[in-house]
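> Below are the sequence and a predicted model; questions follow.
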Amino acid sequence: MNTNGNEIRSGQTWPVRIVRTIGNALPRRSLILLAVFAAATVCAVHAQSLIGSPGAGWQTWSVTPISSDQPNLNDNGAPWWDLQWAAAGSNYANTGGADKNPGFCMTSTGDCVGMGSQALAPGALPFWSMPYNAASDMGGARDSKVYFHSTGASYVATLFLNATANPNEVNDFGWFETNSTGSVVGNRHLLFSGTGVTKDQIPTPTGTTLIFKPTAYFGYYYSDVSEPACPDGTDTYLTTVDTPCVDPNAVLHGCYAYSVFAFNDQKCVDSTGGQGDHDFIVFSANAKTSSRPTYWIAGEDPADCFNNDGDCNLTMVRVSALPRTN
């Protein structure tokens, strides 16, 4: 691959400049020291960075104040998360639609409005996806492979929303370990709990803040507690035997959905579970400009929940670098 001297990785906010003539100007020892210093600088600058697929990037959008005419927020499927949701208490009947997809909740508009929500809502922050044209409201396909690189820092996570159309079906949310290419699902680490697959647990209260320290490469996951899965991730409803999961004593879990979509359990994928694609959206105001960006991670269950999985779960977590101490 030919380069022009600037190489930029997805999510990187400044180019790493490759100086090809420096070898003629500095001795070998100086080159080694310079390389070590440059590597250390990259690590120090990027406390956390998003890694996505080629062609994806940060997309802008907007809302129109005091208006029912929203060119970018109209449930038309562009971007992919802009779809109709079901109303609370619909109990899978899908009798009433609601304007409360992630875009409405980020901007405290439509049906995603509550006490003090306008003061806390971050607004129409750029989101990560394939190219999206806000002027024509077209494009914005999901990037199905999103994970993060950490340089060993700790992060502050705040649970801002854990909504559901059914009160006893609140999802779990956490992070998972992966490798530098995002091709491995490692251990999962729960951050905020829901009602559990037994639907009898008390969920983590909204507003809870905690500190976590992930591995060098990590992503996010949630567990859809309304869709039980076998320990190996297979769908209990898709087995052809009389006993779910073959083992009658198997401990079930809500199907897992990951920010790397290929890792999703069967029931969290529309083509194999019939309940819509369960996925993630990442928003950020400063990922392109700050060395310590803040991300808003939204887990939607699923994107088109009005026509699929009627419990319409939406978990939104704010993640930022732990403030420096002197």
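Looks like it arrived, so ask away.

> in the stretch 201-326 of the chain, which spans are strands?
Along the stretch 201-326 of the chain, the stretches classed as strands by DSSP state E, counting those that start in this stretch are 209-212, 217-229, 253-258, 279-283, 295-301, 313-321.

> Flag every buried residue along the longest one.
Counting neighbours by 16 or more other CB atoms under 10 Å, one finds that the buried residues in strand 217-229 are 217-229. Glycine gets a C-beta too; all of them are placed from N, C-alpha and C.

> got the strands of the stretch 201-326 of the chain as TSV, with distance to V156 columns?
Formatted as TSV, those follow (distance: least, CB to CB, whole Å):
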stretch	distance to V156
strand 209-212	6
strand 217-229	15
strand 253-258	22
strand 279-283	16
strand 295-301	11
strand 313-321	5
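
> And for stretch 184-194, what's in contact with it?
With contacts defined as CB atoms under 8 Å, 6 or more residues apart in numbering, stretch 184-194 is touched by 157, 159, 162, 169-179, 201, 203-204, 208, 210, 212, 214-215, 221, 223, 225, 254, 256, 258, 260, 263, 315, 317.

> Only the buried subset of those, as a PyMOL command please.
Restricted to buried positions by 16+ other CB under 10 Å, the PyMOL selection for the contacts of stretch 184-194 reads:
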select buried, resi 157+159+162+169+170+171+172+173+174+175+176+177+178+203+204+208+214+215+221+223+225+254+256+258+260+263+315+317
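
> Enumerate every residue touching the nearest residue to R318 once chain neighbours are set aside.
Using CB to CB, 6 or more residues apart in numbering and skipping the chain neighbours, the partner closest in space to R318 is T158 (4.6 Å). Residues near T158 by CB under 8 Å, 6+ apart: G207, T208, T209, V317, R318.

> ditto for W80
W80 neighbours (CB under 8 Å, 6+ apart): S129, G140, A141, R142, A303.

> I'd like these as CSV, with secondary structure and distance to I51 appended.
Compiled in CSV, the contacts of W80 are given as follows (DSSP: H, G, I helix; E, B strand; the rest coil; distance: CB to CB, whole Å):
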residue, secondary structure, distance to I51
S129, strand, 14
G140, coil, 19
A141, coil, 18
R142, coil, 15
A303, coil, 22
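
> of all the residues you listed, which comes closest to W58?
Comparing those against W58 with CB to CB places S129 closest, at 8.7 Å.

> So what's the residue count around that closest one?
With neighbours defined by other CB atoms under 10 Å, the count for S129 comes to 24.

> I'd guessed it sits against V146; true?
No - using CB atoms under 8 Å, S129 is not in contact with V146; the gap is 9.5 Å.

> Could you pull out the residues contacting both of the two?
By CB under 8 Å, 6+ apart, no residue touches both S129 and V146.

> and the spatially closest residue to N72 that is not a sequence neighbour, what does it touch?
Spatial nearest neighbour of N72, excluding adjacent residues (CB to CB, 6+ apart): W61 at 4.3 Å. By CB under 8 Å, 6+ apart, the contact set of W61 is N72, L73, P79, G103, A124, P126, F127, Y132, A134.

> Any of those buried? List them.
N72, L73, P79, G103, A124, P126, F127, Y132, A134.

> To which secondary structure element type does the first one belong?
Right, N72. coil (DSSP: H, G, I helix; E, B strand; the rest coil).

> Note down every partner strand of the helix or strand containing T158 and its orientation.
Assigned by DSSP states H and E, T158 belongs to strand 155-163. Sheet pairing of strand 155-163 (DSSP bridges) gives strand 209-212 (antiparallel), strand 313-321 (antiparallel).
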